[in-house]
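**Q** got a predicted structure plus its sequence, pasted below:
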Amino acid sequence: MRLIALGLCAALGWAPMQCASDPSPAERRYETPGEALYGLAEQFKAKGDEAAWRSTLEYLVARYPNSRHAKMAKDDLAGAAPAGKPAGAKASGGK
(Lines give C-alpha, C1' and ligand atoms only; values in the text may rest on other atoms or scores of the structure.)
Protein backbone atom coordinates (compact mmCIF):
# COMPACT_ATOMS: atom_id res chain seq x y z
CA MET A 1 0.00 0.00 0.00
CA ARG A 2 2.87 2.35 0.80
CA LEU A 3 4.39 1.63 -2.56
CA ILE A 4 1.17 2.65 -4.32
CA ALA A 5 0.95 5.85 -2.28
CA LEU A 6 4.60 6.63 -3.01
CA GLY A 7 4.05 5.98 -6.74
CA LEU A 8 0.98 8.22 -6.74
CA CYS A 9 2.87 11.04 -5.02
CA ALA A 10 5.74 10.71 -7.50
CA ALA A 11 3.34 10.76 -10.46
CA LEU A 12 1.59 13.86 -9.14
CA GLY A 13 4.94 15.52 -8.49
CA TRP A 14 5.97 15.03 -12.11
CA ALA A 15 2.63 16.15 -13.55
CA PRO A 16 2.71 19.55 -15.21
CA MET A 17 1.42 22.36 -13.07
CA GLN A 18 -1.68 23.98 -14.46
CA CYS A 19 -1.42 27.73 -13.96
CA ALA A 20 -4.02 30.25 -14.96
CA SER A 21 -2.27 32.44 -17.50
CA ASP A 22 -3.09 34.08 -20.78
CA PRO A 23 -1.50 32.50 -23.83
CA SER A 24 0.86 34.57 -25.91
CA PRO A 25 -0.81 36.57 -28.71
CA ALA A 26 0.55 34.10 -31.27
CA GLU A 27 -1.12 31.15 -29.48
CA ARG A 28 -4.51 32.75 -28.78
CA ARG A 29 -7.48 31.37 -30.62
CA TYR A 30 -9.62 34.48 -30.29
CA GLU A 31 -9.37 38.22 -30.77
CA THR A 32 -9.43 40.50 -27.76
CA PRO A 33 -11.94 43.38 -27.83
CA GLY A 34 -9.07 45.88 -28.02
CA GLU A 35 -7.54 44.06 -30.94
CA ALA A 36 -10.87 43.95 -32.78
CA LEU A 37 -11.56 47.64 -32.20
CA TYR A 38 -8.06 48.64 -33.29
CA GLY A 39 -8.47 46.58 -36.46
CA LEU A 40 -11.84 48.21 -37.13
CA ALA A 41 -10.28 51.66 -36.67
CA GLU A 42 -7.57 50.75 -39.18
CA GLN A 43 -10.25 49.75 -41.69
CA PHE A 44 -12.00 53.10 -41.21
CA LYS A 45 -8.71 54.91 -41.76
CA ALA A 46 -7.98 52.92 -44.92
CA LYS A 47 -11.39 53.93 -46.30
CA GLY A 48 -10.74 57.59 -45.47
CA ASP A 49 -13.38 57.84 -42.73
CA GLU A 50 -11.34 59.82 -40.21
CA ALA A 51 -14.31 60.60 -37.94
CA ALA A 52 -15.10 56.90 -37.50
CA TRP A 53 -11.38 56.12 -37.07
CA ARG A 54 -11.01 58.73 -34.33
CA SER A 55 -14.27 57.75 -32.62
CA THR A 56 -13.33 54.06 -32.57
CA LEU A 57 -9.87 54.76 -31.13
CA GLU A 58 -11.33 57.08 -28.48
CA TYR A 59 -13.85 54.40 -27.50
CA LEU A 60 -11.07 51.81 -27.32
CA VAL A 61 -9.04 54.03 -24.98
CA ALA A 62 -12.06 54.80 -22.79
CA ARG A 63 -13.44 51.24 -22.60
CA TYR A 64 -10.21 49.19 -22.46
CA PRO A 65 -7.59 51.57 -21.02
CA ASN A 66 -5.22 48.78 -19.95
CA SER A 67 -5.21 47.07 -23.33
CA ARG A 68 -1.95 47.10 -25.28
CA HIS A 69 -4.03 48.37 -28.18
CA ALA A 70 -5.20 51.32 -26.07
CA LYS A 71 -1.57 52.48 -25.86
CA MET A 72 -1.28 52.21 -29.64
CA ALA A 73 -4.58 54.08 -30.04
CA LYS A 74 -3.37 56.89 -27.75
CA ASP A 75 -0.18 57.18 -29.78
CA ASP A 76 -2.14 57.27 -33.05
CA LEU A 77 -4.51 59.93 -31.72
CA ALA A 78 -1.62 62.03 -30.38
CA GLY A 79 0.08 61.95 -33.78
CA ALA A 80 -3.09 62.81 -35.71
CA ALA A 81 -4.33 66.26 -36.61
CA PRO A 82 -6.96 67.68 -34.25
CA ALA A 83 -10.53 66.67 -35.06
CA GLY A 84 -11.99 68.67 -37.92
CA LYS A 85 -8.62 69.83 -39.31
CA PRO A 86 -6.85 68.31 -42.30
CA ALA A 87 -3.55 66.58 -41.57
CA GLY A 88 -1.53 69.28 -43.37
CA ALA A 89 -3.24 72.28 -41.74
CA LYS A 90 -1.24 74.48 -39.40
CA ALA A 91 -2.57 75.71 -36.09
CA SER A 92 -3.44 79.40 -36.26
CA GLY A 93 -1.63 81.67 -33.85
CA GLY A 94 -3.72 84.33 -32.11
CA LYS A 95 -1.08 87.12 -32.23
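**A** Now that the structure is in, tell me what you want to look at. Numbers count the residues shown, from 1 in each chain.
**Q** name the SS class of Gly48, please.
**A** State at Gly48, reduced to three classes by DSSP: H, G, I helix; E, B strand; the rest coil: coil.
**Q** so what's Ala73 closest to, chain neighbours aside?
**A** Leu57 (4.1 Å; Cβ to Cβ, 6 or more residues apart in numbering). (Each C-beta comes from the backbone N, C-alpha and C, glycine too.)
**Q** check which helix or strand that neighbour maps to.
**A** helix 50-63 (DSSP states H and E).
**Q** could you point out which element follows that helix?
**A** With secondary structure assigned by DSSP H and E, helix 50-63 is succeeded by helix 68-79.
**Q** mean confidence for that next one?
**A** In this model, helix 68-79 carries a mean pLDDT of 96.
**Q** what's that helix packed up against?
**A** helix 33-46, helix 50-63 (3 or more Cβ pairs under 8 Å, 6 or more residues apart in numbering; DSSP states H and E).
**Q** tell me what angle the first one forms with helix 50-63.
**A** Meaning helix 33-46. Using axes from the mean of the first three to the mean of the last three Cα atoms, to 10 degrees, the direction of helix 33-46 lies 170 degrees away from that of helix 50-63.
**Q** give me the contacts around helix 33-46.
**A** With contacts defined as Cβ atoms under 8 Å, 6 or more residues apart in numbering, helix 33-46 is touched by 31, 50, 52-53, 56-57, 59-60, 63-64, 67-70, 72-73, 76.
**Q** are any of those buried, and if so which?
**A** 50, 53, 56-57, 60, 64, 67, 69-70, 72-73, 76 (16 or more other Cβ atoms under 10 Å).
**Q** could you export the residues you listed as CSV, including distance to Tyr38?
**A** Compiled in CSV, the buried ones among the contacts of helix 33-46 are given as follows (distance: Cβ to Cβ, whole Å):
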residue, distance to Tyr38
Glu50, 16
Trp53, 11
Thr56, 8
Leu57, 8
Leu60, 6
Tyr64, 10
Ser67, 8
His69, 4
Ala70, 9
Met72, 6
Ala73, 6
Asp76, 9
